[in-house]
Structures are given as structure tokens and as C-alpha cells.
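*Asks:* I need the structure of the sequence given here:
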Amino acid sequence: LSLSDLFNALDRVATHDGRVLIMTTNHPECLDSALIRPGRADLKIELPLADKDVISR
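*Replies:* Predicted coordinates:
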């Protein structure tokens, strides 16, 4: 699977209404900018490491 194949697959998913694609990574700084351009990745949610207070809840 090439990067181009991945981009084409993402674009096909994005053309179907009602579908949600969730991508995850531990290293967002390593992602190719073409992968996360508007239209492929419309929303970015960062979940930082939990601190002691969050863990105790």
C-alpha cells in the first residue's frame, strides 16, 4: 500500500455522507501534511497524557 493509495482510499470514504473516519497516532508531528489537509482531516482532537487528578477521577 503506497501513500498515494492511502490518500485515494481516504478521499473515497470522505465522499460518502454519514461516514466518520477516525485516525489516531502517537506522533502527529510525523504525519505528512497531505494526510491531514482540510477535507481529509476536518477536526483534530488532542488527548494529552492524564495527570494524577484526572486519573483519580
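
*Asks:* poorly predicted segments of this protein, please.
*Replies:* Of all residues in the chain, those with pLDDT under 70 make up the ranges 15.

*Asks:* in this structure, where's the longest helix?
*Replies:* Counting residues, the longest helix found in the chain (DSSP state H) is helix 3-14.

*Asks:* go through that helix and flag the buried ones.
*Replies:* L10 (16 or more other Cβ atoms under 10 Å). All C-beta atoms are positioned from the backbone trio N, CA, C, and that covers glycine.

*Asks:* what does it contact?
*Replies:* Defining contact as Cβ atoms under 8 Å, 6 or more residues apart in numbering, one finds that helix 3-14 is touched by 19, 21, 32, 34-35, 39-40.

*Asks:* hmm, which of those residues are the buried ones?
*Replies:* Those of the contacts of helix 3-14 that meet the buried threshold are R40, by 16+ other Cβ under 10 Å.

*Asks:* ok, so of the contacts of helix 3-14, who is nearest P48?
*Replies:* L35 (21.4 Å; Cβ to Cβ).

*Asks:* residue contacts, the residue most central in space within the chain?
*Replies:* Nearest to the mean C-alpha position of the chain, by Cα atoms, centre = their mean, lies M23 at 3.3 Å. By Cβ under 8 Å, 6+ apart, the contact set of M23 is A41.

*Asks:* excluding its backbone neighbours, what's nearest G39?
*Replies:* Spatial nearest neighbour of G39, chain neighbours left out: A14 (6.6 Å); criterion: Cβ to Cβ, 6 or more residues apart in numbering.
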